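S.K.: Okay, here's the prediction I keep looking at, along with the sequence it came from:
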Amino acid sequence: MIDEITAARDAALADIATADSVDAVATMTTRYAGKKGELSGLKKQLGGLDSIDAKKAAGAAINEAMAAVDTALSTRRDELSAAATAARVEAERLDLTEHLGAPARGRKHLVTQAWERLEDVFVGMGFRVAEGPEVETDWHNFEALNMGEGHPARGEFDTLFVDHVPPGGQPGSTLLRTHTSPVQIRTMLEQEPPIYVVAPGRVFRRDTPDATHMPVFHQIEGLVVDRDISMADLAGTIQAFTEQFFGKGWSSRLRPSYFPFTEPSAEFDIQRPDGSWIELGGSGMVHPDVLRAGGIDPEEWSGFAFGFGIDRMALMRHGVDDLRDMYADDLRFIEQF
Amino acid sequence: MKILLSWLNDYGDFGDPNDADAVQRVCDALTTLGLEVDSVDAVGETVDGVVTARILRLARHPDAAKVQRAWVDAGDGVERHVWCGATNIEAGQTVPLATLGTTMPNGMKIERRGILGIDSEGMLCSASELGLGDDHSGIRILPDGVELGIPYGDALGLRPDVLIDADVTRNRPDCWGYVGIARDLAAKMGVEFRPPQVPSMDQLASGDARSAPVELLDPERCSRFTSTVISGVRVGPGAEWMQQRLTAAGMRPISNVVDVSNYVMLELNQPNHAYDLDTLGGGGFRVRLARDGETLTTLDGEERTFTSADLLICDADDTPIGLGGVMGGLDSEISDDTTTVALEMAWFEPVQIGLTVTRTGLRSEASQRFERGVDPSGMPTAIARFAELLRETCPDLTVHRGWVDARDDAHHPPAHRETEVRIAQVNRILGTQLTAEDLPHLLDPIGFTVSGDGDTRTVVLPPWRLDSTSEIDVVEEVGRHYGYDRLGATVPKPSDSGGLSVRQQRRRLVRDVMLGLGISEAMPNPFLAPDTLERAGLPADAVRITNPLVSEESVLRTSLRPGLLRAIAFNESHRRPGVHLFEVGHVYPPAAAELPGEFEQLTVVLAGEEAPAALAVWRELTGALGGGARIDQGRVPDGLHATRSATLQTGKEPLGAVGEVAPEVLQAFDVSERVAILEVDLDQFLAREPKPAQWKPVSRQPSSDLDMAFVLADGVPAEKLDKAIRQGAGNLLVGLDLFDVYRGQGLSEGSRSLAYRLRLQAADRSLTDADVADARRGVEAAATKLGAELRG
């Protein structure tokens, strides 16, 4: 009997070793290891044996043989499965450096990129973002900003006027805003202090386009009106902005200047870590007449304002040396950024 | 304002022009005062090898018409021969001679060179060749009696100097004169201020009383006009030192009288004009408005026509002799024969001068100063200074008693102006902790004299600072002289948090959606040519710029479409088809309101794509931002493809447009590809923030899918079939997808097959076959009513 068991086991193992697919292994599992399999069938012959010892010995031999067959089956199954996976993976090889088509993502305009970065820095400092119309009244753009009719500073703005005439109004009193400062007036008229806003926006001048001038460009304006706001607050705010926007190691200074809508007025310069200076923009304490035009009592509230160009921020960041390129809508330019 | 440092040092010891550190200190101080230094240039450097020489004799050569021969003595006893092209030389004059081997500032080397075989042993030099100004009309004649053979710089007293170009802001009329700058700088640098000392008119005037009477006929524009008669004048070259200073300051020396006139203007910021009294019609002045169309040839040789808003200076016979405060007339210039001068020193109203300058386009050194406001009380000092300086070249002159001071005090700035200044206000605005006692130290040196005691002081506003009228003006002066760099830096803390508004956040989201779809942002010019809107198939009604730079940029856009079509055409022409661009920007349609009907628009253009691509962008946009719109193909937007476009409609209002650009518009813009387009009114779209979605329980019951295809005539919008299916399927329908559209074989012309997948599900039970059959029947019935036919 023992010999018979051994022979059956060896035949099974030899057969398993030749299995060439997972399916073949499954078939062999039924044939050799199933309840109706060949080795199980041998158990039926145990009853025919004479001695208890012979029965025990043959039973143990059958169990041993079945365990060996089980192990062989699962080993063969694993081998074949691994080989099949490996073959599939090999067959699925892709060259990932093959790529078709243009870059998928669109590009934001450089001005928008700078605009949003500026907004984010000021929002982080507690400012909200104010907006106003690009076609403005003479009153908002000049008069309320302390530049009444005939004020000499008006001539410096190279204003573009439009033919719109408000009902009952005067021709020549509507213009393309020359700066974002009219948003100061609109904000003050719409909102009670305290006011902490920045107003980025598009502005217009009668300028012939060249590398540093465009008739249409962008500015950002800041306005703070609160109790006891001082020039030191202006200096501190500019300094905090400079560090946040340009980075640690950059600093700023105020320098006396003149704007009709602020007094005292200051230009502000920023200093690169290498010590060189860049003139950035204008600023100052909101003139009492301007606060009054905005419906705010200058004895109760004080404030500062500042403004500078957005386009230049974009040029500086990316080393673009001609403003006109930024407005050409040329994909060869757009896709660089 | 160009400042010659050695000249400025007349009024205080500011710094040695040869000491670079001292020059830097002056420049830094100017900048901290608000007089931003633009440039610093070395001047007064001389050319080595150019020496003084006397012209011994001159001769012409018969074969050289344009040049003459000169023999000169350079002090070494050697007679040198030079050829010279200038015509202003005479024997006996002393002139600069560039000796052989000299390298001129322009790089030319002086070598022995010949004309007609006769060598030239050097070159006689003009002022411009020596870098002494721009006069190249003749040889620079040197003063008589100087030693021969010495460097010409020594003969002229030239010393190395620096010329500082400082920006003067509009609020600093005083800084258009050396004395004004010196006053401010002396206070800042803590050096003694030494303005020129002059006698009073009483001390100055002598001789018999002689007057050039003045009639002030328009006191609004000219409220003070003085005339002073000065006799014993001999017109000739100005003093050498004065010529040098004027030259360095960029002015051409002309004659002693004109030079002194210019010098006084630069020094004291008082423009003035000297007339020849003997040729002054009627011997006096009338200051009146021009008559419309009245003309005058001004000093620059141009004939100018005036309006009744321009102010003329006329002689007593009413003949115009100058445009008040701007420029004298050509015919009233003093001549070499002038012996008696009528000197005008006047004050003109700044705003009116500005308007005249704008009207006539004529700008002068004088008008720039009057436009900003000169000292209304400065005339007597300036008259005395003029006389003193002229006396150097006219030792016998007499300033006659009887000078005329015509004025109208009702229109003239008051002699004394003052304002109250609260120290609390100073500290509140500047953020300082100054005391009232600090005010005189900061203000008195610049002429803002402080008086009184307590926390509110009285401050006299100096007449040369007409820009200063109120307390805040004085606060600025305190700040400037205390130093902006000492104000400290504090950061105010807003009580509210910062942030973007909902609209601003949604605008950013719009951009992000576009970028994610591979669409890049463009920013075309918002100004259009007069015919652009019509070429784009849009109404021509628009707001126009009344003073455009060029007419091609004179119309305000009412749509972003033209700019983007131009961008596509540009890229196509650079071998870049298929560009996908968007713009978020303002458009400005006309409106009968205070301002045009400006609003914000989004336009997307997809070159090389068809209308469904634009619809896909719209779906992506509404997917991200919420909202939606009816696609109304019955209303084709202007300029879009008639059978492939629709209005996006919300309620009664159009929200935008979707589809393709009309072929004729593409042709007009030289675009060769199809262009799919989406336009959305962002004022509406961004304002509609959707309410937060409310939770519905997810059904745990199994769902069942049902595919149904219908044949529908092309004339019936699929939208209607959608609606019919939804109605017919009843409330078990939880999802509906159009997954295939087919036209062609097996279908009749003018119809298509639309295949839908319906997902059915109940919230509370498993579906039965009967449920599915009911839904199927309902859908079929509703679709049939629409004329759709269920396919096998």
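M.R.: Received the coordinates, thanks.
S.K.: where along the stretch 51-200 of chain A do the helices fall?
M.R.: Applying DSSP state H, counting those that start in this stretch to the stretch 51-200 of chain A gives helices spanning A:52-91, A:110-124, A:138-141, A:182-190.
S.K.: Comparing those helices by mean pLDDT, which bottoms out?
M.R.: The minimum mean pLDDT among the helices of the stretch 51-200 of chain A belongs to helix A:52-91 (a mean of 91).
S.K.: list the helices and strands it packs on?
M.R.: Judged by 3 or more C-beta pairs under 8 Å, 6 or more residues apart in numbering or on different chains; DSSP states H and E, helix A:52-91 is in contact with helix A:2-18, helix A:22-28, helix A:38-43. From N, CA and C alone the C-beta is placed, and that goes for glycine too.
S.K.: what residue ranges in chain B score low on pLDDT?
M.R.: For chain B, the stretches with pLDDT under 70 are B:134.
S.K.: hmm, back to that, residue B:308: which of the helices of the stretch 51-200 of chain A is closest?
M.R.: Residue B:308 lies closest to helix A:138-141 among the helices of the stretch 51-200 of chain A, at 25.0 Å (C-beta to C-beta).
S.K.: Confirm residue B:163 sits in a strand?
M.R.: Yes: assessed by DSSP: H, G, I helix; E, B strand; the rest coil, residue B:163 belongs to a strand.
S.K.: Show me what the strand of greatest length in chain B is in contact with.
M.R.: Looking across chain B with DSSP state E, the single longest strand is strand B:50-61. Strand B:50-61 is contacted by residues B:67-75, B:79-80, B:89-99, B:102, B:115-116, B:118, B:124-125, B:130, B:142, B:146-152, B:155 when judged by C-beta atoms under 8 Å, 6 or more residues apart in numbering or on different chains.
S.K.: Please name the residues that touch residue A:127.
M.R.: A:196, A:197, A:198, A:222, B:494, B:498 are the contacts of residue A:127 under C-beta under 8 Å, 6+ apart.
S.K.: The fifth one belongs to a strand?
M.R.: Pointing back at residue B:494 there. No: under three-state DSSP, residue B:494 falls outside any strand and is assigned coil.
S.K.: Any chance of the backbone angles for residue B:630?
M.R.: Reported as degrees, to the nearest 10, the phi and psi values for residue B:630 are phi -80, psi 140.
S.K.: do residue A:169 as well
M.R.: Note on residue A:169: backbone dihedrals following degrees, to the nearest 10 are phi -100, psi -180.
S.K.: Which residues are in contact with it?
M.R.: Taking C-beta under 8 Å, 6+ apart as the test, what residue A:169 contacts is residue B:594.
S.K.: Strands of the stretch 551-700 of chain B, start to end?
M.R.: Counting by DSSP state E, counting those that start in this stretch, the segments of the stretch 551-700 of chain B that form strands are B:555-556, B:580-587, B:599-607, B:630-632, B:646-650, B:653-660, B:675-681.
S.K.: how about the CA coordinates for the longest strand of chain B, as CSV?
M.R.: Only the C-alpha atoms of strand B:50-61 are listed here, as CSV (Å, rounded to 0.1, in the frame of the first residue of the first chain):
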residue,chain,number,x,y,z
VAL,B,50,44.6,125.1,-25.0
VAL,B,51,46.2,128.4,-24.1
THR,B,52,45.6,132.1,-24.5
ALA,B,53,46.9,133.8,-27.6
ARG,B,54,46.6,137.2,-29.2
ILE,B,55,45.7,137.6,-32.8
LEU,B,56,48.4,139.6,-34.5
ARG,B,57,47.0,140.0,-37.9
LEU,B,58,44.5,138.4,-40.3
ALA,B,59,44.7,137.8,-44.0
ARG,B,60,42.6,136.2,-46.8
HIS,B,61,44.0,133.8,-49.3
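S.K.: Just the buried residues of stretch B:269-288, please?
M.R.: For stretch B:269-288, a neighbour-count test (16 or more other C-beta atoms under 10 Å in any protein chain shown) marks B:269-277, B:279-280, B:283-288 as buried.
S.K.: ok so, going back, could you dump the helices of the stretch 51-200 of chain A into TSV with mean neighbour count and distance to residue B:247 added?
M.R.: As requested, the helices of the stretch 51-200 of chain A are exported to TSV (neighbours: other C-beta atoms under 10 Å in any protein chain shown; distance: least, C-beta to C-beta, whole Å):
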stretch	mean neighbour count	distance to residue B:247
helix A:52-91	14	88
helix A:110-124	19	47
helix A:138-141	21	43
helix A:182-190	22	46
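S.K.: Keep only those of the contacts of residue A:127 that are in strands.
M.R.: Going by DSSP E, the strands hold A:196, A:197, A:198, A:222 from those.
S.K.: So which of these reach chain B?
M.R.: residue A:196 (C-beta under 8 Å from any C-beta of the partner chain).
S.K.: ok, the ones in strands among the contacts of residue A:127 vs chain B, which is closest?
M.R.: Distance to chain B across those (C-beta to the nearest C-beta) is lowest for residue A:196, with 4.1 Å.
S.K.: got a list of what the closest one touches?
M.R.: Here residue A:196 is in contact with A:126, A:127, A:128, A:223, A:224, A:226, B:492, B:494, B:496, B:498 (C-beta under 8 Å, 6+ apart).
S.K.: Quick check: the last one touching residue A:123?
M.R.: Yes: in this structure, residue B:498 is within contact of residue A:123 by C-beta atoms under 8 Å, at 4.3 Å.
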